[in-house]
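Asker: the sequence and its predicted three-dimensional model are supplied below.
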Amino acid sequence: MKLSKFLLFLFFVLTASVAVAQSSAELKRKKEALQREIDLLQKNANKAANSKKLTLGEIKSLNAKIGLMQSKISVINSEIKNLDNQIHENTNTVHNLKGQLGQLKKEYGSMIRFAQRNKNAYDKMMFIFAASDFNQAYKRIKYLQQFGQYRKKQADYIQGKQKDLNYKIVILDKNLKEKSSLLHEQENEKNKLGKNKSEQSVVLNRFSKQERLYKQDIASKQKQAAQLERNIRSAIAREIALAKKKAEEEERLAAAKAKAENKPAPTTAAEKSKASGGYLTATPESAKLSAQFEGNRGSLPWPVTMATITQRFGKYKVGQAQNDNDGIDIETQEGAPVRAVFNGTVSTVNSAMGGYFVLIRHGQYFSVYSNLKSASVSSGQTVTTRQNIGVAGHEDGRPIVKFQIWRGTVPQNPEAWLGGK
């Protein structure tokens, strides 16, 4: 019964250890990914440091770096918490193993003393011959044999327990060293964060004092963003108009065919569009592509391989100016290739904001890639997931790609659609 309980306890300890190990590995990967993003921002900042003029990109990049550093500290805290749990579990296991080992040695000592008292062959023979009948004598012979075997098994079991105990002590020592290293890393990251927050305070104070000088720059960027949005909405409207025209033409041909064959009129394009959410899904092909795109929500690849979000989706303020972002701004590597996030057809390739923007249709969904230095696709071209469509351009001296996802004429938050980096 005691052995069964111990084996059950050992099973739970091992299961918990595997789960913690997996969690620790995930935290380590996440921490490394965050550090890569921090390094990318710092590298871009070093390149842009020659410019004496404070830019909005510098403020956004610094804010993003501080957010990443805070996330990294949070991950380190989670790693420390995991290690604390492991240390607690391993300490309990060591105590249990020591207690069991002590009990086993005590029981083994009793067996050895009994064996010493009865080691004489004459005593063993007397023990057997003292049996009341042959059956009892046979049982006594078997008992002596089993006793010797059991004693050997117990000795082996004690050695195994000792090895388990030594192994757990080594693991516990390793846990304690890892925790010490993580605490040191945490302290370093907090110091770096403090320096960056001081830098942020200086930059924001400088911006606040010179905000009037930046109003023209902010107004220019707002104007460019508004023009880009008009271009995107216009391109989407054209796609809807073309889809409607195609659907109505197919309806006309289908109605004529049904009339010639004296059959009931088929479902109209208007009815189809109402049922499916628009003319963009009026055909089976576009409806299928829309469903596939929706099915990949949360797992779409990023448009660039190295990416850090410097401006998120929705409303934000720069000084006193209120802005609205229909997508996300992604800071990336110099000359980074920009990739399609899903299969689709290129609807528009146009110039905007001193660069290019590419709009790709995925059924009733659209993905938009703007602030491109160059585009390597053309309108009407079919593209596949992760196919290169252009090269990242610059904004405020930094390589930036502006990425959006639209469902018809409604912008979506891209972060909800993109998967892990």
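Answerer: Thanks, I have the structure now. Numbers count the residues shown, from 1 in each chain.
Asker: just the strands in the stretch 201-350 of the chain please.
Answerer: Residue ranges of the strands in the stretch 201-350 of the chain, as given by DSSP state E, counting those that start in this stretch, are 308-311, 314-318, 321-325, 328-331, 337-339, 344-352.
Asker: quick check: which of these is nearest to residue 246?
Answerer: Nearest to residue 246, of all the strands of the stretch 201-350 of the chain, is strand 344-352, at 13.2 Å by C-beta to C-beta. C-betas here are computed from N, CA, C, even on glycine.
Asker: tell me the helix or strand right after that closest one.
Answerer: strand 355-362 (DSSP states H and E).
Asker: next, the angle from that following strand to strand 344-352.
Answerer: Angle, strand 355-362 to strand 344-352, by axes from the mean of the first three to the mean of the last three C-alpha atoms, to 10 degrees: 160 degrees.
Asker: quick check: neighbours of the helix or strand just after strand 355-362 in the sheet, parallel or antiparallel?
Answerer: The first helix or strand that comes after strand 355-362 along the chain, using DSSP H and E, is strand 365-375. When pairing is defined by DSSP bridges, strand 365-375 lines up against strand 355-362 (antiparallel), strand 388-395 (antiparallel), strand 398-407 (antiparallel).
Asker: tell me how far the last one lies from the chain's centre.
Answerer: In other words, strand 398-407. Its chain's average C-alpha position is 20 Å from that of strand 398-407, according to C-alpha atoms, centre = their mean, to the nearest Å.
Asker: sheet partners, orientation included, of the helix or strand following that strand?
Answerer: Next along the chain after strand 398-407, taking DSSP H and E as the criterion, comes strand 410-412. Strand 410-412 sits in its sheet next to strand 398-407 (antiparallel), going by DSSP bridges.
Asker: now the angle between strand 321-325 and the strand it pairs with, please.
Answerer: Relative orientation of strand 398-407 versus strand 321-325 (the same axes, to 10 degrees): 60 degrees.
Asker: pLDDT on strand 398-407, on average?
Answerer: Across strand 398-407, the average pLDDT comes to 94.
Asker: repeat that for stretch 305-312.
Answerer: Stretch 305-312 shows a mean pLDDT of 92.
Asker: identify each buried residue in it, please.
Answerer: 306, 307, 308, 309, 310, 311, 312 (16 or more other C-beta atoms under 10 Å).
Asker: which one of those is nearest residue 64?
Answerer: Checking the buried residues of stretch 305-312 against residue 64 by C-beta to C-beta gives residue 310 as the nearest, at 4.5 Å.
Asker: so which of the strands of the stretch 201-350 of the chain gets nearest residue 166?
Answerer: strand 308-311 (46.0 Å).
Asker: ok, residue 399 to residue 40 distance?
Answerer: Distance of residue 399 to residue 40, computed by C-beta to C-beta, to the nearest Å: 9 Å.
Asker: residue 376 now?
Answerer: Counting by C-beta to C-beta, the gap from residue 376 to residue 40 is 23 Å.
Asker: between the two, which has more neighbouring residues?
Answerer: residue 40 (20 against 16; other C-beta atoms under 10 Å).
Asker: quick check, that one in a helix?
Answerer: Yes: Residue 40 forms part of a helix when assessed by DSSP: H, G, I helix; E, B strand; the rest coil.
Asker: isn't it right next to residue 330, touching?
Answerer: No: between residue 40 and residue 330 there is no contact under C-beta atoms under 8 Å: 10.7 Å.
Asker: any common contacting residues for these two?
Answerer: Each of residue 308 lies in contact with both residue 40 and residue 330 under the rule C-beta atoms under 8 Å, 6 or more residues apart in numbering.
Asker: my guess is residue 364 meets residue 280, correct?
Answerer: Yes: using C-beta under 8 Å, residue 364 makes contact with residue 280 at a distance of 3.8 Å.
Asker: which one's more surrounded, the two?
Answerer: Each of residue 364 and residue 280 has its neighbours counted (other C-beta under 10 Å); residue 280 has more, 28 against 25.
Asker: ok, now which ones touch the more buried one?
Answerer: Residues near residue 280 by C-beta under 8 Å, 6+ apart: 239, 240, 243, 286, 290, 361, 363, 364, 408.
Asker: look up the closest residue to the fifth one, ignoring the ones flanking it.
Answerer: Residue nearest to residue 290 in three dimensions, not counting chain neighbours: residue 363, with 3.0 Å by C-beta to C-beta, 6 or more residues apart in numbering.
Asker: again with residue 196
Answerer: residue 66 (5.3 Å).
Asker: and for the one you found, the neighbour number?
Answerer: 18.
Asker: wait, a helix at it?
Answerer: Yes: Residue 66: assigned to a helix according to three-state DSSP.
Asker: highest mean neighbour count out of the strands of the stretch 201-350 of the chain?
Answerer: strand 328-331 (a mean of 25; mean count of other C-beta atoms under 10 Å).
Asker: now tell me what touches it from outside.
Answerer: 40-41, 44, 60-61, 64, 302-304, 307-313, 395, 398-404, 414-415.
Asker: same check, this time on stretch 67-85
Answerer: 20, 23-24, 27-28, 30-31, 34-35, 37-38, 41, 175, 178-179, 182-183, 185-186, 189-190, 192-193, 196, 308.
Asker: cool, and stretch 377-394?
Answerer: So stretch 377-394 is contacted by 301, 304, 332-333, 335-349, 354-356, 358, 360, 369, 371-376, 399-401 (C-beta under 8 Å, 6+ apart).
Asker: buried subset of those residues as a PyMOL selection?
Answerer: To isolate the buried ones among those in PyMOL, judged by 16+ other C-beta under 10 Å, type:
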select buried, resi 301+304+332+336+337+338+339+340+341+342+343+344+345+346+347+348+349+355+356+358+360+369+371+372+373+375+376+399+400+401
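Asker: residue 317 is in contact with residue 311, isn't it?
Answerer: No: with contact defined as C-beta under 8 Å, residue 317 does not reach residue 311; the gap is 11.4 Å.
Asker: just flag the most distant two among the buried residues of stretch 305-312.
Answerer: Counting by C-beta to C-beta, the most remote pair of the buried residues of stretch 305-312 is 306 and 312, 18.1 Å apart.
Asker: how far does stretch 315-331 stretch from one end to the other?
Answerer: This stretch, stretch 315-331, spans 19 Å end to end (C-alpha to C-alpha, to the nearest Å).
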